[in-house]
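Trainee: Fold the following for me, if possible:
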Amino acid sequence: MTLDFLGKLQRTHQCGDLRTGNDGQQIILMGWVNRRRDHGNLIFLDVRDRTGITQVVFDKEASPEAHAKAEAARPEYVVAVKGKVRRRTAGLENPNMPTGEIEIAASELLLLNESKTPPFSVADDATINEEVRLKYRYLDLRRPEMQRNFELRHKVARAIREYLSDNGFLEIETPFMTRSTPEGARDYLVPSRVHAGSFYALPQSPQIFKQILMISGFDRYFQIARCFRDEDLRADRQPEFTQIDLEMTFPQQELIFKVVEGFLTAAFQTAGIALKTPFVQMTYDEAIRRYGIDKPDMRLPAISDLSAELPPDLRTTLKIEHGLPVLGFTIPRVGALSTTERKKLLSEVRAGFGESGLDLLDLDRLRTAEAFVPLAEAIAAKLTAEQIVFNGENFTTDDLAVVVTPKLGTPAKWNHDPQWIWKRVGALRLDLARKFADKHKLFDQTGTANDYKFLWVTDFPMYEWDEEAKTWNAAHHPFTSPHEEDIQAGRLTSDKGAVRALAYDIVLNGTELGSGSIRIHRQDVQAEIFRSLGMSDEEAKARFGFFLDALEYGTPPHGGIALGLDRIVMILAGATSLREVIAFPKTAKAIDLMVDAPTPVSEQQMKELHLRTVVRN
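Mentor: Have a look, this model is predicted:
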């Protein structure tokens, strides 16, 4: 087969553009063969490009040369088509295609390139092994679903960029090669050829640089920034990712919230979703009490505190620890479980509790004993109240009721954490919601704003206890400001567990989209925070000297936030993994299967970088 040259031929339309209004026009299309159907004297090629698919008809009698070339065409061949737009014969329209009312009567076909038989069909929606998809990513990206994902990503990024630009933010780039600073994950290091034994680090975030930009007087900064973290991967985490990074001078938290809600509203509007603002706000402590997690999924009913329904005498009878919370929640519309299903579920949950001291209180069993019927009814009434708050419906027998109690001897704290019971119940709530998702359908997408439950979580703890080291560590980067009253009350040294940070997260459907804080702008406060973390002045100078120096030159109050662009697009696209919205992602083992990276490098390159590898046992 002889391939054709493109020459000076130019396409007049894209494959998804043509409609009945183009009837009778002479056009030129270019793209890939999506499907081929041979009916003898008639051959049909579906030609595809980024915008869609158009059916092209090759009639042997009308255009014998074009028909002969169409016989040679196969899926994923690159073609150019000349022909006339015409309406399809009545009854043969395809309502599933935007171009389904027309077709092209071809007069000429150019075969611009051939294709090997692909390892999977680009045209089909069949499930494809992900490793195969990633190895042949250039084919995977041709699939219409992936094309839609990246068009959406482009629109979202553009809307965010335009909104921030229109609101006085300057887009400023920060370096990819910087110094290694502790930010919570391992750095990717870049060896220096010029400075033997020294390394640059790829930025985990532009944190220090954006604060320095505020010191530099830029007032409002943003960047759609690439970030790099050498950490264990999962579905919503990649070694390199993109975040919407912004910083402002003289802000209150509420101003930052308003800006973020504004650009998210603009971003979601590109997908036809009209968000309602302002978003819900709750403190960290409230989120733990109501949802057992600091990134609540509010598509599900909250946790109910049932402690008041179990007075001391009932606790003694039921062997429930006095003074600890009894918590419950419902999973809506699970339906009646058989005796076998209920026993299996109870067994699985109790096995998950392990030796923690937590147990389940079986409401159905309570109702079989007359003495405990009032208790069962009181618990059901409390769960009904939560259901009404959630969706205006009463708790019914179709809803799965889960009540968690602490056995006698259950500790009030676990690993120094007085909130551990709420967190264990919160984890169970999510596990059961995932288990019964096909029944409650609360995770199903309807294409409306109701699919997206945003909230702000505020007032995070400033410190977290390290049980192994028996010390308090910073829960955030060390430039996060505590509440002023906590500083003034001396809690930085007297009661670290009570210190609240001026830190906040934006959460969507149980996924943390981003984190931010009001920063420390005074050198004396920054030094006190370092000392409270057990860092000497000398150590702080060695690790952050350039930044501490900058703080001494009129640093204004400032604050900001960073949101994961990949996560926003993933949720909007209805995808289950970041790999669906990152063009060339890594696997869970941080491997790029398409280019086969990482790989060893030559001995000469290692010598130039003053490096050698040592194999460890």
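
Trainee: Secondary structure class of the nearest residue to Asp125 once chain neighbours are set aside, three-state.
Mentor: In this structure, Asp125 finds its nearest non-sequential neighbour in Glu145, 7.7 Å apart by C-beta to C-beta, 6 or more residues apart in numbering. (Glycine included, C-beta is placed from N, CA and C.) Three-state assignment for Glu145 (DSSP: H, G, I helix; E, B strand; the rest coil): helix.

Trainee: what pLDDT does Glu145 get?
Mentor: On pLDDT, Glu145 comes in at 95.

Trainee: From Leu139, how far off is it?
Mentor: 13 Å (C-beta to C-beta, to the nearest Å).

Trainee: okay, those two: which has more neighbours?
Mentor: Between Glu145 and Leu139, Leu139 has the larger neighbour count (other C-beta atoms under 10 Å), namely 19 against 12.

Trainee: pretty sure that one contacts Thr117?
Mentor: No: in this structure Leu139 lies outside contact range of Thr117 using C-beta atoms under 8 Å: 11.2 Å.

Trainee: which stretches of the stretch 301-450 of the chain have low pLDDT?
Mentor: For the stretch 301-450 of the chain, the stretches with pLDDT under 70 are 395.

Trainee: What of the chain?
Mentor: If you take pLDDT under 70 as the line, the chain has these spans: 182-184, 235, 395.

Trainee: Show me the longest strand that occurs in it.
Mentor: strand 26-39 (DSSP state E).

Trainee: C-terminal to that strand, what's the next element?
Mentor: strand 42-49 (DSSP states H and E).

Trainee: list the buried ones in that following strand?
Mentor: Neighbour counts over strand 42-49 (16 or more other C-beta atoms under 10 Å) mark Ile43, Leu45, Asp46, Val47, Arg48, Asp49 as buried.

Trainee: try stretch 174-186
Mentor: In stretch 174-186, counting by 16+ other C-beta under 10 Å, buried: Thr174, Thr178, Ser180, Thr181, Glu183, Ala185.

Trainee: got the residue ranges for the helices in the stretch 101-250 of the chain?
Mentor: In the stretch 101-250 of the chain, the helices defined using DSSP state H, counting those that start in this stretch lie at 130-135, 137-140, 144-166, 207-215.

Trainee: Please spell out which residues along stretch 257-267 are buried.
Mentor: Buried, per 16+ other C-beta under 10 Å, within stretch 257-267: Phe257, Val259, Val260, Glu261, Gly262, Phe263, Leu264, Thr265, Ala266, Ala267.

Trainee: and which of these is nearest Leu318?
Mentor: Nearest to Leu318 among the buried residues of stretch 257-267: Phe257, at 44.3 Å, using C-beta to C-beta.

Trainee: Would you confirm that the closest one contacts Pro278?
Mentor: Yes: using C-beta under 8 Å, Phe257 makes contact with Pro278 at a distance of 7.0 Å.

Trainee: Now do the strands in the stretch 301-450 of the chain.
Mentor: Using DSSP state E, counting those that start in this stretch, the strands found in the stretch 301-450 of the chain span residues 304-305, 327-331, 358-360, 400-406.

Trainee: and those strands, which is most packed in?
Mentor: Most buried of the strands of the stretch 301-450 of the chain by mean neighbour count (mean count of other C-beta atoms under 10 Å) is strand 327-331; its value is a mean of 25.

Trainee: Distance-wise, check the closest residue to Gly426 other than its chain neighbours relative to Leu327.
Mentor: Nearest in space to Gly426, with sequence neighbours left out and distances taken as C-beta to C-beta, 6+ apart, is Gly292 at 1.7 Å. Taking C-beta to C-beta as the measure, Gly292 falls 8 Å from Leu327.

Trainee: Show me the common contact partners of these two, please.
Mentor: Counting by C-beta atoms under 8 Å, 6 or more residues apart in numbering, the contacts common to Gly292 and Leu327 are Ile303, Trp422, Val425.

Trainee: Which of those residues fall in helices?
Mentor: Trp422, Val425 (DSSP state H).

Trainee: Backbone torsions only: list them for Ala501.
Mentor: Dihedral angles of Ala501 (phi, psi; degrees, to the nearest 10) stand at phi -90, psi 150.

Trainee: surely it meets Val457?
Mentor: No: with contact defined as C-beta under 8 Å, Ala501 does not count as touching Val457 (11.5 Å).

Trainee: quick one, which of those two is more surrounded?
Mentor: The neighbour count for Ala501 versus Val457, taken as other C-beta under 10 Å, is higher for Val457 (26 against 22).

Trainee: May I have the secondary structure class of the more buried one?
Mentor: Under three-state DSSP, Val457 falls in the strand class.

Trainee: I'd like the distance between it and Tyr284.
Mentor: Distance from Val457 to Tyr284, by C-beta to C-beta: 6 Å.

Trainee: Next, show the common contact partners of the two.
Mentor: In contact with both Val457 and Tyr284: Asp294, using C-beta under 8 Å, 6+ apart.

Trainee: give me the element Leu9 is part of.
Mentor: In the assignment (DSSP H and E), Leu9 maps to no helix and no strand.

Trainee: Now it. Its backbone dihedrals?
Mentor: Main-chain torsions, Leu9, degrees, to the nearest 10: phi -70, psi 140.

Trainee: still on that earlier bit, of all the buried residues of strand 42-49, which comes closest to Leu29?
Mentor: Among those, and counting by C-beta to C-beta, the member closest to Leu29 is Val47, at 5.5 Å.

Trainee: Name the nearest residue to the closest one, sequence neighbours excluded.
Mentor: Gly31 (4.8 Å).

Trainee: ok, now which ones touch the one you found?
Mentor: Counting by C-beta under 8 Å, 6+ apart, Gly31 has contacts Cys15, Val47, Arg48, Asp49, Val78, Val79.

Trainee: List the residues that contact the first one.
Mentor: Looking back up the chat, that one is Cys15. Counted by C-beta under 8 Å, 6+ apart, Cys15 has contacts Leu29, Gly31, Val47, Arg48, Asp49, Thr51, Gly52, Ile53, Thr54, Thr99.

Trainee: likewise the third one?
Mentor: Taking C-beta under 8 Å, 6+ apart as the definition of contact, the neighbours of Arg48 are Cys15, Gly31, Trp32, Val33, Asn34, Ala123, Arg142, Pro144.

Trainee: coming back round to it: could I get the buried residues of strand 42-49 as CSV with distance to Ala588?
Mentor: Putting the buried residues of strand 42-49 into CSV (distance: C-beta to C-beta, whole Å) gives the following:
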residue, distance to Ala588
Ile43, 44
Leu45, 39
Asp46, 35
Val47, 37
Arg48, 31
Asp49, 33
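
Trainee: Looking at the residues you listed, which one is closest to Val402?
Mentor: Of these, the one sitting nearest to Val402 (C-beta to C-beta) turns out to be Arg48, at 49.2 Å.

Trainee: Just give me the neighbour total for the closest residue to that closest one other than its chain neighbours.
Mentor: Spatial nearest neighbour of Arg48, excluding adjacent residues (C-beta to C-beta, 6+ apart): Asn34 at 4.0 Å. For Asn34, the count of nearby residues is 22 (other C-beta under 10 Å).

Trainee: ok, Asn34 touching Val122?
Mentor: Yes: if you go by C-beta under 8 Å, Asn34 and Val122 touch, sitting 7.2 Å apart.

Trainee: Just among the shared contacts of Gly292 and Leu327, which is most surrounded?
Mentor: The residue in the shared contacts of Gly292 and Leu327 with the most neighbours, by other C-beta under 10 Å, is Ile303 (26 neighbours).

Trainee: what's near enough to touch the closest residue to that residue other than its chain neighbours?
Mentor: Nearest non-adjacent residue to Ile303, counting by C-beta to C-beta, 6+ apart: Phe329, 4.9 Å away. The contact partners of Phe329, by C-beta under 8 Å, 6+ apart, come to Leu300, Pro301, Ala302, Ile303, Ser304, Leu383, Glu386, Val402, Val425, Arg429.

Trainee: would the first one count as being in a strand?
Mentor: No: with three-state DSSP as the criterion, Leu300 is located in coil rather than a strand.
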